[in-house]
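Visitor: pasting the sequence and the predicted model now:
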Amino acid sequence: MSIIREGLILSRRDLAHWGRQPWTPIFNLLFTIMLLLVFAFIFGGSIELPGGGDYIHFLLPGMMTLAMMFGVETTMTTMANDAKKGITDRFRSMPISDASVSLGRAGADMISSTVEIIILLIGGLLLGWRATNSPLAGLLAVALLLWLRFAVLWIGICLGLTIGKHEGATVLVQVLVWPIGFLSNVFAAPEFMPNWLGAVASWNPISATATAVRELFGNPTGVTDGWLNDYSLLAAVAWPLAITAVFVPLSARAYRRLRR
Amino acid sequence: MREPVEKDRGRPAVRATGLVKNYDTVRALDELKIEIPAGTIHGLLGPNGAGKSTLVSALSTLISLEAGTAEVAGLDVSTHPGHVRRKIGLVGQSAALDEILGGRQNLVMFARLFGLSRRDAASRADELLAGFSLVEAGQRPVSTYSGGMRRRLDIAVGMILDPEVLFLDEPTTGLDPRGRIDVWNSVTAIAERGTTVLLTTQYLEEADALADRISIMKSGRIIAEGTPTELKRQRGGDRIEVSAATTAEARAIQTALVSTGGPEIDLNEGTGVVTCPAAGGAGDLSAVVRRLDAAGIVADDIALRRPTLDEVFLALTETEDA
C-alpha cells in the first residue's frame, strides 16, 4: 500500500534527524530525567501515599505517563514547523495520499516515545524502582503508555495544523500542558487533595493511565477506593480511545481545510 | 540529466478562465484568465498582494477555487488534482527543505515520496546535485547552505519528476547577486529542456531577462500581457536624451533640435535633459549629434534610451489606482 510506504518514508526522515542532531532528543530526555530526579529526591521525601509504599515506585510510572502526555507538544511543534517552512505545502503539491503526512508523523513520534519509555525504565531501575508483576503485565503497561501517546499524538497533529501558525497559541499549549499534567495523580495522590481538586485529578485521562500502569507493574497506586481503584485498566483503554475517535477526524478535517 | 522531452506544442501548459478566490473580504483572484504556451518561461509580475502566490497555489492544487476552471498540463486542477500533481513541480516562496538533513538526503526523501525506488531515488538525487552544481555540498546539512544554494536545491526537488510545468514563486527574493544569477541559469537550463516555467517575481529585470512572456497582475486580475518588447512598446518607443550642464544650454539644445524640423522635443527644466523620440533608433542618434555639431553645442551626455519594464509596470499599476 502506497500510504504505508509514504508514511514510512516520512517517519524515516525523523529518524535521520537523530543521526544528524543526536543532541536534540538527548536534551529532551535529560529534561524528563531531571524532572524524575527532582521529584524522586527533592519532593519525594515529603510526599505520602494513601495505602503506603515507596515513592519512587509510585513516581516512575507517573513520570512515564506524563512524558507521553507532554508528547502532544512535540507533535504539535513539529507539525507547525513543517507548515511554517512550506514543507507541508510541498507535500500537498506531491502525488501522495492526504493521510501520509499525519501517518509519517505518528510513526516517528511513536518510535521516539518508545525509546523514551525504555530510557525512563532504565533510569528508574538505577534509582531503585522495580516492577514486581509478570513480564507480560509489564509489557501491557508499556502498551497502555504508548496507547496514551498515540491518542495525544492526534491532538498534537490537529493543533499543529490549525493553530500552528500562530506563535502565541502554540506557546499557550506549551504552558497549559503543565497544569493539565500536574492536575492528576502523576506526582501526588488525589485523595490528599481538596475534594473538588481530587475529583478533577481523578477524572484526568492521565490519572487513568498512570494508575493502570502502576497496577500492572505491581507498584503502589495511591488509590485506595473509588471508581479509579476498580476500573483504572478500563479507563486507561477508554480515555485514549475516545480522544483518538475525536481527534483523528478533526485532524483529517484540518488537513483538508488547508485547501481553503 | 535526462534528454529533453518533446512536448505537445499544440496544448497550452496552463489554461485558466474565470478564476475566483476570496480570503475574507479580499478578492485574491478576480475572474482571472491566463494561458501559458507549453515550453515557455512565463513571468508573473505584480505588487505585493496582487494575488500572484494565490494563483500559483490554485494552479498547483494547494487551494480550492470558488469559480472558474484551470487546466495544468491538460488536466483540470479541481477534478483531477492527483493527476496534476504528477505533472508539476512547486517551488514555493520559502525554501521547503528539511534543514537538518543534507542536500542529498532531502532529494532522496522527496524522490522516494514521488514514488521512485530506493535505487532510482539515489541516482536521480546524484543527477540533480550535479545538474544544480551542488555535488560538493550534497552531504552537508541544508542549514549550512547559502541562500542561493538552498534555492537551487529547492528547485532541484521540484524537478525530480521532470515535470511538465514548474511553478517558481519568487525564486530569487532575498538572494545576493551571485545567487540570483545562479538561479537564473538554472531556470534557463530547465526551460531549454522543455519544461514550462511559471515564475512570479517582484524584480522587473528578472522577468525581462528570463521570461518569454509576461503577465502583469493587480488586484487579482491580469492587467497586461505580452512579450517584454511588446509591453515596452506600449510605453512608447526609443528616445534620445541629451543632458546639458545649465538650463541655458539645455534651451539652446532644444532650439537646435526643433529648428531642424524634428518632432516634438521635450525639455525638463529641473534636470536639464532634452528628450526627443527616436523611431529610427541609432540613425536618429547620429542625426541629433550632427545637428548639435552644426549648432556648435557640446552636450554633457547624449544617449539612446529604451523604455524599461519598470516604467511599463509603474505606469500600469499606478493608473489603475486612480
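Guide: Yep, that arrived.
Visitor: from here on, just use CA atoms for contacts and neighbour counts.
Guide: Fine.
Visitor: which of the helices and strands in the chain ranks last by mean pLDDT?
Guide: Answering for chain A, as no chain was given. helix A:23-37 (a mean of 87; mean pLDDT, DSSP states H and E).
Visitor: that one and chain B, are they touching?
Guide: No - applying CA under 8 Å from any CA of the partner chain, one finds helix A:23-37 separated from chain B by no less than 11.2 Å.
Visitor: quick check: closest non-adjacent residue to the residue nearest to the spatial centre of chain B.
Guide: When chain B is reduced to its mean C-alpha position, the closest residue under CA atoms, centre = their mean turns out to be residue B:207, at 2.8 Å. Taking CA to CA, 6 or more residues apart in numbering or on different chains as the measure, residue B:207 lies nearest to residue B:43, with 5.4 Å between them; neighbours along the chain are not counted.
Visitor: cool, and residue B:245?
Guide: Leaving out its chain neighbours, the residue that sits closest to residue B:245 by CA to CA, 6+ apart is residue B:300, at 6.3 Å.
Visitor: list the residues that contact the one you found.
Guide: Listed by CA atoms under 8 Å, 6 or more residues apart in numbering or on different chains, the contact set of residue B:300 reads B:242, B:243, B:244, B:245.
Visitor: try it again with 10 Å
Guide: For residue B:300, the contacting residues are B:242, B:243, B:244, B:245, B:246, B:249, B:250, B:273, taking CA atoms under 10 Å, 6 or more residues apart in numbering or on different chains as the criterion.
Visitor: and the third one, how many residues sit next to it?
Guide: Residues contacting residue B:244 under the criterion other CA atoms under 10 Å in any protein chain shown number 22.
Visitor: cool, the first one as well?
Guide: Taking other CA under 10 Å as the neighbour definition, residue B:242 ends up with a count of 23.
Visitor: same thing with the fifth one?
Guide: Counted with other CA under 10 Å, the burial measure for residue B:246 works out to 15 neighbours.
Visitor: what's the answer for residue B:219, then?
Guide: One way to gauge burial is a neighbour count; for residue B:219, by other CA under 10 Å, it gives 21.
Visitor: kindly report the same for the one 3 residues further on.
Guide: The number of residues packed near residue B:222 is 23, by other CA under 10 Å.
Visitor: centre of the chain to the strand or helix carrying it, how far?
Guide: Here residue B:222, judged by DSSP states H and E, is contained in strand B:221-226. The chain centre lies 13 Å from the centre of strand B:221-226; the measure is CA atoms, centre = their mean, to the nearest Å.
Visitor: ranges for the strands of the stretch 51-200 of chain B?
Guide: Under the criterion DSSP state E, counting those that start in this stretch, the stretch 51-200 of chain B contains strands at B:67-72, B:75-76, B:88-91, B:165-169, B:196-201.
Visitor: show me which residues of the stretch 51-200 of chain A sit near chain B.
Guide: The interface of the stretch 51-200 of chain A toward chain B, taken as CA under 10 Å from any CA of the partner chain, is made up of A:82-97, A:100.
Visitor: I'd like to know which of these are buried.
Guide: A residue is treated as buried here by neighbour count (16 or more other CA atoms under 10 Å in any protein chain shown); on that basis the buried members of these are A:82-96, A:100.
Visitor: just flag the most distant two among those.
Guide: A:84 and A:95 (20.7 Å; CA to CA).
Visitor: can you give me the helices for chain A?
Guide: For chain A, applying DSSP state H gives helices covering A:2-20, A:23-37, A:55-85, A:87-92, A:100-126, A:135-162, A:167-182, A:195-203, A:205-217, A:227-257.
Visitor: Throw those helices into TSV and include distance to residue B:29, thanks.
Guide: Converted to TSV, the helices of chain A look like this (distance: least, CA to CA, whole Å):
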stretch	distance to residue B:29
helix A:2-20	33
helix A:23-37	43
helix A:55-85	23
helix A:87-92	19
helix A:100-126	29
helix A:135-162	24
helix A:167-182	28
helix A:195-203	50
helix A:205-217	47
helix A:227-257	19
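Visitor: mean neighbour count, those helices: which tops it?
Guide: When the helices of chain A are scored by mean count of other CA atoms under 10 Å in any protein chain shown, the highest mean neighbour count falls to helix A:205-217 (a mean of 27).
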